[in-house]
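Peer 1: just to be clear, the model below is a prediction. Sequence and coordinates:
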Amino acid sequence: MSDAYTNALLPTALVVIMFGLGLTLTVADLVRVVRAPKAALVALLCQLLVLPAVAYALVIAFGLAPVLAVGMMLLAASPGGPSASLFSHLAGGDVALNVAVTAINSLVAMATFPIITELSMNRFLGGGQTIGLPTEKLVQVMGTVVVPVLLGMWVRRRAAAWADRMRGPVKAGSVVVLAVVIGGAVWQQYQVLVDYAGRLTVITLLFCLCSITVGYFAPRLLRVSRAQAIASAMEIGIHNAVLAITVAITVLRNPAIALPGAVYGILMYIPVALVAYLFTRTAESTQLQGVPD
C-alpha cells in the first residue's frame, strides 16, 4: 500500500488535477495577464512573500512540532489549488485571473519549493538538512505539474468543445483523487495526527483565514478591482494541498510532513465557502444600492 501510494497514486492524482487546469487555460489568458499585470503581480507577491511569513509566525506562536512546522511551510509555498477558479466563479471573481495566476505560480513554485522547504528544514529540523531537487526529482515534478498543464492547453486548443465538456468530469475526478490522497496521508500517520489534531485544526483554519484576508485586502489597498481582488482571495486562500502532500511524501520521504497539507485540504473549504457566500451577498447588496465597484 505504501509504495503504491507513494509511487503511483500521488503522481497520478497530481497529473489529473494539473491536466484539468490546462483544459481551462488558453494562451490568451496569459497574454491578458501580461498586458495588465498589476493584479497578478500583487497576488504572486502575497503568495511568495507574505504567506510564508504568516505561516512562520503561526508555527512559532503555536509551538508546532518541527516536522509539522516544515509541513506548514511547505503548504505556504504551494500555489493556488485547482478549485480556486470554481470558488472564484461562485463569488463573482475574475476567473481568468485565477487560471492565469495558478499556471504562472505553478511554474514559479518549481524554484520556490526547494528554497522555502530547505530553509524551513534547516530552521526546524537542524543538522544541516538539505532537500534540494536533484535532476531526476526536478524531472519528476516537471512531469507531474508543468507537462500536464501544457498538455491540457494543447488539447483545449485542438478540441475546445471537447475540453469544455470534460471540465466537469475532470473536476469531479480531481475531488475524488484529492479525497483518496488525503485519506492515504491520514492513514499512514494516524497517531501523529491524533496527537496534534487540535493544534493542526486551529492553525490550518487560521492560516486559511489569514490567506483569504491578505489575498483580498492587499489588492484592494492597491486599487485593484473587486472582481480581481476576490479572485486573488480565492487563489491565495485555496492552496494546492495535493502538491504539498506529494512533495512531502515522494521527495522528502516523510509522511508526517504531509499532515498539515492533509488537514488543510479537508478544512479549507469551510472558511472558503463561507467567504464566497459573503462575497456573493455583498455583491447583491451593492448592486441593489447602486454602489460602483
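Peer 2: Sure, I can see it. Note that this is a predicted model, so its numbers are computed, not measured.

Peer 1: Ala231: neighbour count?
Peer 2: 35 (other C-beta atoms under 10 Å). C-beta coordinates here come from the backbone N, C-alpha and C atoms, glycine included.

Peer 1: whoops, I mixed them up, Ala65
Peer 2: Neighbour count for Ala65, taken as other C-beta under 10 Å: 18.

Peer 1: and the helix or strand harbouring Ala109, what does it pack onto?
Peer 2: Ala109 belongs to helix 95-124 when assigned by DSSP states H and E. If you count contacts as 3 or more C-beta pairs under 8 Å, 6 or more residues apart in numbering; DSSP states H and E, helix 95-124 packs onto helix 10-23, helix 27-35, helix 38-45, helix 51-62, helix 66-76, helix 84-91, helix 135-158, helix 226-237.

Peer 1: now tell me what touches stretch 27-42 from outside.
Peer 2: Here stretch 27-42 makes contact (C-beta atoms under 8 Å, 6 or more residues apart in numbering) with 94, 96-97, 99-101, 103-104, 153, 157, 218-219, 222, 224-225, 228-229, 231-232.

Peer 1: can you do 6 Å?
Peer 2: Stretch 27-42 is contacted from outside by Ala96, Leu97, Val99, Ala100, Val101, Ala218, Pro219, Leu222, Val224, Gln228, using C-beta atoms under 6 Å, 6 or more residues apart in numbering.

Peer 1: could you list the buried residues of the longest helix along the chain?
Peer 2: Criterion DSSP state H: the longest helix present in the chain is helix 190-221. Buried residues in helix 190-221, defined by neighbour count with 16 or more other C-beta atoms under 10 Å: 192-193, 196, 200, 203-212, 214-216, 218-220.

Peer 1: starting at the chain centroid, how far to it?
Peer 2: 13 Å (C-alpha atoms, centre = their mean, to the nearest Å).

Peer 1: could you report the neighbour count for Arg32?
Peer 2: Residues lying near Arg32 (other C-beta under 10 Å) number 16.

Peer 1: look up how far Ala40 lies from it.
Peer 2: As judged by C-beta to C-beta, to the nearest Å, Arg32 and Ala40 stand 9 Å apart.

Peer 1: equivalent analysis for Ser88, please.
Peer 2: 14 Å.

Peer 1: if anything else comes up later, I'll come back, but that's it for now.
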